[in-house]
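In: Got a predicted model here, sequence first, then my questions.
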2 protein chains.
Amino acid sequence: MAETFVVVGGDAAGMSAASKAKRENPEMEVVVFEKGEWVSYGACGLPYYVKGDFDDIEEITAVPKEKFIEERNIDLRTHHEVTGIDPDDSTVTVETPEETFEQSYDSLLIATGATAIVPPFDGVELEDIYTIHDPPSGEAIREAVDRSGPSAPETVGIVGGGYIGIEMAEAFRERGLDVHVFEMLEHVLDPFGSMVGEVVEEELRDNDVNVHLGTRVEGFDGDDRVQAVRTEDETIPVDMVVVGVGVDPNAALAEEAGIEIGETGAIAVDEFGETSADDVYAAGDCAEAEHVVSGAPDHVPLALTANRAGRAVGQTVTGDPTPTGPIAGTAVVKAFDLEAGRTGIIDEERAREAGLDPVSVTITSSSRAHYYPGGSAIEIEMVADADTERVIGAAMVGEEGVTNRVDTVTTALYAEMDVQQVEYLDLSYAPPFGPTWDPVLTAAKVLNSKLE
Amino acid sequence: MAETFVVVGGDAAGMSAASKAKRENPEMEVVVFEKGEWVSYGACGLPYYVKGDFDDIEEITAVPKEKFIEERNIDLRTHHEVTGIDPDDSTVTVETPEETFEQSYDSLLIATGATAIVPPFDGVELEDIYTIHDPPSGEAIREAVDRSGPSAPETVGIVGGGYIGIEMAEAFRERGLDVHVFEMLEHVLDPFGSMVGEVVEEELRDNDVNVHLGTRVEGFDGDDRVQAVRTEDETIPVDMVVVGVGVDPNAALAEEAGIEIGETGAIAVDEFGETSADDVYAAGDCAEAEHVVSGAPDHVPLALTANRAGRAVGQTVTGDPTPTGPIAGTAVVKAFDLEAGRTGIIDEERAREAGLDPVSVTITSSSRAHYYPGGSAIEIEMVADADTERVIGAAMVGEEGVTNRVDTVTTALYAEMDVQQVEYLDLSYAPPFGPTWDPVLTAAKVLNSKLE
């Protein structure tokens, strides 16, 4: 009898795993249970849908549902919610609108994703308060923005200055709304460090976004619809709110089954994505991954990690053990006319927790040769461990030439290069694309001289 | 008595060495002999000067002559030509317009650069035939283009489809000239491989550049001024010609002194840039460098290599031995609206000569998420060694997002990563900057599956 691979959750990790398993072993029975309607979508596209960069929300779907079923022969069932896992019995309990049944498995992947956090703000149940995490939530926000007449929103409050908050600020400004961003911490884009945060804040203000830093939201006022955001200091009238303060891994299903949860709150896994239960794997936003610099488990819910880990699990369950691979926490974001990026460990405290002795420098270089028209500043913070002189992270920001320069450093992190090795890379140069010494080289050179 | 460091040649390598030595040891006497007038210029800027991107040619000077002398206390003497080296006696012979004298040294750096090759074409002595290699040559070409009246050129022939030929084609089209590019080989940009060559040729033709491939120039016709380029097959009327068929290292001075010349024709050096003569170093376009993939000596005359090797020699001669570092042959070029890049070893024959067994794939990906507006194709050729599965090179081309992606691969070359390691890099992703799987990851993934 053919083996059965059951996948819980039909988004990036789940569908990558299902597709890979079926491709590697067409005889395998691959069943995916998705509790909602949408599968395989890229939530990263939602801010650009709201912005109006494209009009058909189906476009954010990587592969349509029918293709998984008809071309890839995957038994994909939407509106099927897995409500229990019995690892001893190797079964899951599935609920549909019509029935509840048991499904046995030989291998199981938990790919339940993450849920947008909504803190228990006073008044959070009011209308026109949104999170943005799946296509229906994106559609709801766009519909709200599209409204005409007296209910058309003019001012929006964004709670959280992370990358989703920044992307939504740009989208709403493009749609002509007044925008207030409320960030509890001292700077927006906290994982990018304060240097990047400050530059991005200036860009936000240059684009008429009201940035409220170090500001804790206490609640929302209004009758039915939200009418104001209340902070410690003031009350700011708004017509709608988007809450983007991060996500929590959907680990409850695993936890209830007695599967080990890591310190991050996500499901603990080994290098193959296997959980503490035999033949039960976890991948994507619900699972931990090993950080390439610290070697410790981390939780960085991003699209590539989910795709890659899912694909690796899909291969592993066919009998070809494949590591899911470590992560570097690499992230890039567009903020109006700026590109910002980060990789590895930047935060000093976080570095010390990982047993490292961080030393950092910040340099300013430029995106083109000084005589070539149209260049702009690139600022790079690069961090090394004083003991090993290894590069452990970097953050950068500028109008162009930032995102892929982050990847030079990412690659160096995986290679465990020290600053001198990075300084000696034969990086590309031509006047339209940078100075003779690439900004990354300059950062490494300055950092190296600081370590001497 | 203070030690004396003598430098022959005042461009990138020479002035980097002089500056570094003086900074590390202010007591050291640092003498630079430059036979011409110009020092420390970036010849890479000349096409953009001709194009009209900037009007003051002084802008391509990294550091003005006076600054070296007055601020950095370097004994920099222009119009001083070194005509002989006596390594046994540790002296050089210097000629000026007024006198000839001997100068003794404790350490010597040969940084004589390279000379644009001018094949012995019939008619090569005619007027309005140029090479482009230093500020006066750039000025001469721009003056020719700027001419008005009957002597104003309307059609230009470019001999050589390397990166200088491509950059000059763009410059001349911008200035309104008809352009013919003559390339002896089957494709332009030979070191970038045929995939990139073909895409760039299409771009050239889309910009009304006449591209003559596999076409050997036999000579030039004209009375005083050049009036036509003669090939095997036809005679094409032109009003001016630029010859850009490569450079030869200026190694004669070293050779005459009995210093070893490498197989590439450039001066052979060890890892510190030292030649076969004690205390005599060579750096920049006149010297070889070790290729990071093959480990063999190579000659890649580019700006960063010269700057870096010069700087390292400047440090070494102060008593702190510093390797010049290997090179990867990384190069990028703008061709109208395209960016093209290459790194490592792409050519199959060249790979086999280095004892490698090349396997390559070419993939097409895109510069932005499929739903994000304005994206364009990125094509990547990636090459690995079948035996070790190490990535050994890559070439890529597209309208955006190319140049720094080359550097991801460059970094992987230095780290001796295999294709699986590259496939597992946690590279950056956001919809405005690429697909979830970065094009570099996709190339590695496809190459990896070909190796299995």
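Out: Everything's here; your move.

In: so who does A:Val179 touch?
Out: Neighbouring residues of A:Val179 by Cβ atoms under 8 Å, 6 or more residues apart in numbering or on different chains: A:Thr155, A:Val156, A:Ile158, A:Ala169, A:Phe172, A:Arg173, A:Asp208, A:Val209, A:Asn210. Backbone N, C-alpha and C define where each C-beta goes, glycine included.

In: Return the closest of those residues with respect to chain B.
Out: Nearest to chain B, judged by Cβ to the nearest Cβ, of these is A:Ala169 at 14.7 Å.

In: How many residues are close by that closest one?
Out: Taking other Cβ atoms under 10 Å in any protein chain shown as the neighbour definition, A:Ala169 ends up with a count of 30.

In: Same check on A:Asp223?
Out: For A:Asp223, the count of nearby residues is 8 (other Cβ under 10 Å).

In: Turn the contacts of A:Val179 into JSON lines, including distance to B:Ala306 and pLDDT.
Out: JSON lines is the format used below for the contacts of A:Val179 (distance: Cβ to Cβ, whole Å; pLDDT from 0 to 100):
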{"residue": "A:Thr155", "distance to B:Ala306": "57", "pLDDT": "98"}
{"residue": "A:Val156", "distance to B:Ala306": "54", "pLDDT": "98"}
{"residue": "A:Ile158", "distance to B:Ala306": "49", "pLDDT": "98"}
{"residue": "A:Ala169", "distance to B:Ala306": "45", "pLDDT": "98"}
{"residue": "A:Phe172", "distance to B:Ala306": "49", "pLDDT": "98"}
{"residue": "A:Arg173", "distance to B:Ala306": "46", "pLDDT": "98"}
{"residue": "A:Asp208", "distance to B:Ala306": "47", "pLDDT": "98"}
{"residue": "A:Val209", "distance to B:Ala306": "45", "pLDDT": "98"}
{"residue": "A:Asn210", "distance to B:Ala306": "50", "pLDDT": "98"}
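
In: now the residues you listed in CSV, with secondary structure?
Out: CSV is the format used below for those (DSSP: H, G, I helix; E, B strand; the rest coil):
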residue, secondary structure
A:Thr155, strand
A:Val156, strand
A:Ile158, strand
A:Ala169, helix
A:Phe172, helix
A:Arg173, helix
A:Asp208, coil
A:Val209, strand
A:Asn210, strand
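
In: Selecting buried members of these in ChimeraX, what would you type?
Out: Taking 16 or more other Cβ atoms under 10 Å in any protein chain shown as the burial criterion, the selection of buried members of the contacts of A:Val179 in ChimeraX is written as:
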select /A:155,156,158,169,172,173,209,210
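
In: ok, which pair from the contacts of A:Val179 is furthest apart?
Out: Using Cβ to Cβ, the pair of the contacts of A:Val179 lying farthest apart is A:Ile158 and A:Asp208, separated by 13.8 Å.

In: Those residues of the stretch 51-200 of chain A touching chain B, which are they?
Out: By Cβ under 8 Å from any Cβ of the partner chain, the part of the stretch 51-200 of chain A that sits against chain B consists of A:Asp53, A:Phe54, A:Glu59, A:Ile60, A:Ala62, A:Tyr163.

In: Output those residues in TSV, with pLDDT and secondary structure appended to each entry.
Out: Conversion of these to TSV gives the following (pLDDT from 0 to 100; DSSP: H, G, I helix; E, B strand; the rest coil):
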residue	pLDDT	secondary structure
A:Asp53	96	coil
A:Phe54	96	coil
A:Glu59	93	helix
A:Ile60	92	helix
A:Ala62	85	coil
A:Tyr163	94	helix
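
In: for the stretch 201-350 of chain A, what spans make up the helices?
Out: For the stretch 201-350 of chain A, applying DSSP state H, counting those that start in this stretch gives helices covering A:252-256, A:303-316, A:348-353.

In: so which of the ones you listed comes closest to A:Ser294?
Out: Judged by Cβ to Cβ, the one of these that comes nearest to A:Ser294 is helix A:348-353, at 8.1 Å.

In: Reformat the residues of the stretch 51-200 of chain A next to chain B as JSON lines; add neighbour count.
Out: Written out in JSON lines, the entries for those read as follows (neighbours: other Cβ atoms under 10 Å in any protein chain shown):
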{"residue": "A:Asp53", "neighbour count": "19"}
{"residue": "A:Phe54", "neighbour count": "17"}
{"residue": "A:Glu59", "neighbour count": "18"}
{"residue": "A:Ile60", "neighbour count": "24"}
{"residue": "A:Ala62", "neighbour count": "21"}
{"residue": "A:Tyr163", "neighbour count": "24"}
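
In: Would you mind checking which of those residues is nearest to chain B?
Out: A:Glu59 (4.0 Å).

In: okay but that closest one is in contact with B:Ala369, surely?
Out: No - no contact is recorded between A:Glu59 and B:Ala369 when judged using Cβ atoms under 8 Å, the distance being 9.2 Å.

In: Please identify every residue contacting each of these two.
Out: A:Gly45.

In: who's in contact with A:Gly244?
Out: Neighbour list for A:Gly244: A:Ala116, A:Thr131, A:Ile132, A:Ile158, A:Val159, A:Gly160, A:Gly162, A:Ile164, A:Gly165, A:Met168 [criterion: Cβ under 8 Å, 6+ apart].
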